[in-house]
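S.K.: Next one to model:
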Amino acid sequence: MKPARAPPNAASRELAVKFKVLKFLGKGSYGSVYLVQRLLDGQTYALKEMDVRSMNQAEKEDSINEIRLLASVQHPNVISYNEAFLDGNRLCIIMEYAPEGDLAKIIKKHQMMKRPIPEDFIWRSWIQIVIGLQALHGMRILHRDVKPGNVMLFEHGVAKIGDLGIAKLLTKSTAAKTQIGTPHYMPPEIWRNRPYSFSSDTWALGCILYELAALSVPFEARSMSELRYKVLRGTYPPLPSGFSRDLQMMVKVCLDSNPDVRPSADRILAMPAVASRLHEMSPIGGSNAPPSTAGSALIDTIKVPRNFALIKGKLPPAQYSTNTPLSMQDMDTIDEEYEDEASMIGGGGG
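M.R.: So this is what the prediction gives:
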């Protein structure tokens, strides 16, 4: 078997002792993401690996903030944290792996087929995003980058919010001020450089709901200045006629230009259009999620030392739902499952 290319110098690092790299999944602004298998239990996870040598102090603080927030939230609609460790010059975050991809993949697939996404699927996925945000907002966590690419999909129709890389903890008396996020999902108040709060995530919810129905973002533009103009004007093309009045009205209330009028996640879930559908949804959960008894409690701020090597003793403890060793037969089965893909991406990497 020809394995996927492991991260650099893996043979001499802690990563190789705990995990087997199965394949390279992609690259983001801060680093690379791999599919890995934990040797102790044989389960697959996502590894986000960042080279700390290429990061300034603020970026290091953002990455540690992501670990802190991920490790603080235990919820079936938020991607689970499993472990974080410093491996040489690379900061590694082990998280739940989403085998079904993300909502952006679903949108792209339907664009190519020129077929609308079924409304039942839209509601089921979107309501779970709202529930995940309700949990984050309940802990005073503002996500700031809610978009289809950050909504991960699992079997049985489960959807979970991922990527807390730019999330911010808000105190009761403060609002966020940094202009940050993905432009097509940013609300008017951010474009105006005004303080913003949890209702900015509600705006992004409206953008996602619109995009799932229309297969295009509500505010299409060829430049940032045109996008800013369209968002501030607040008008967007009507949704296709085949969708319910409930869905059209939900988009309208979430995309209200006035942040004070936009509904909170709590209010959205209490609205009849959502509450009736929520009642029909079956319970949700994830196979690799930490024990439900873990609960959600905000971990204390992790002070990032200038000498980043000292972060080792400050990272949150590992959280795994199982520590049952895997049999050799199961290991061989997983090897065979990824053999073809691994040989194809042998030249990929970080």
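
S.K.: At which residues are the helices of the stretch 51-200 of the chain located?
M.R.: For the stretch 51-200 of the chain, the helices defined by DSSP state H, counting those that start in this stretch cover 57-72, 103-113, 119-138, 188-191, 199-214.

S.K.: How far away from the center of its chain is the fourth one?
M.R.: Here helix 188-191 is found 22 Å from its chain centre; the criterion is C-alpha atoms, centre = their mean, to the nearest Å.

S.K.: tell me the most buried of the helices of the stretch 51-200 of the chain?
M.R.: Sort the helices of the stretch 51-200 of the chain by mean neighbour count, taking mean count of other C-beta atoms under 10 Å, and helix 199-214 sits at the top with a mean of 24. C-beta coordinates here come from the backbone N, C-alpha and C atoms, glycine included.

S.K.: Quick check: can you list the domain ranges of this structure?
M.R.: For the chain, automatic domain parsing gives the domain ranges 10-97+288-344, 103-280.

S.K.: Could you dump those into JSON lines with mean pLDDT added?
M.R.: Putting the domains of the chain into JSON lines (pLDDT from 0 to 100) gives the following:
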{"stretch": "domain 10-97+288-344", "mean pLDDT": "77"}
{"stretch": "domain 103-280", "mean pLDDT": "88"}
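
S.K.: Leu298 against Met139, yeah?
M.R.: Yes. Judged on C-beta atoms under 8 Å, Leu298 makes contact with Met139 at a distance of 5.7 Å.

S.K.: shared neighbours of the two, anything?
M.R.: Common contacts of Leu298 and Met139 (C-beta atoms under 8 Å, 6 or more residues apart in numbering): Ser72.

S.K.: Of the helices of the stretch 51-200 of the chain, give the one that comes closest to Ser244.
M.R.: The closest of the helices of the stretch 51-200 of the chain to Ser244 is helix 119-138. By C-beta to C-beta, the value is 6.4 Å.

S.K.: okay if I get the helices of the stretch 51-200 of the chain as TSV plus distance to Phe308?
M.R.: Converted to TSV, the helices of the stretch 51-200 of the chain look like this (distance: least, C-beta to C-beta, whole Å):
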stretch	distance to Phe308
helix 57-72	6
helix 103-113	32
helix 119-138	27
helix 188-191	31
helix 199-214	31
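
S.K.: Quick one: closest of the ones you listed to Lys20.
M.R.: Closest of those to Lys20 is helix 57-72, at 22.4 Å (criterion: C-beta to C-beta).

S.K.: and the angle from the closest one to helix 119-138?
M.R.: Inter-element angle recorded for helix 57-72 and helix 119-138: 110 degrees (by axes from the mean of the first three to the mean of the last three C-alpha atoms, to 10 degrees).
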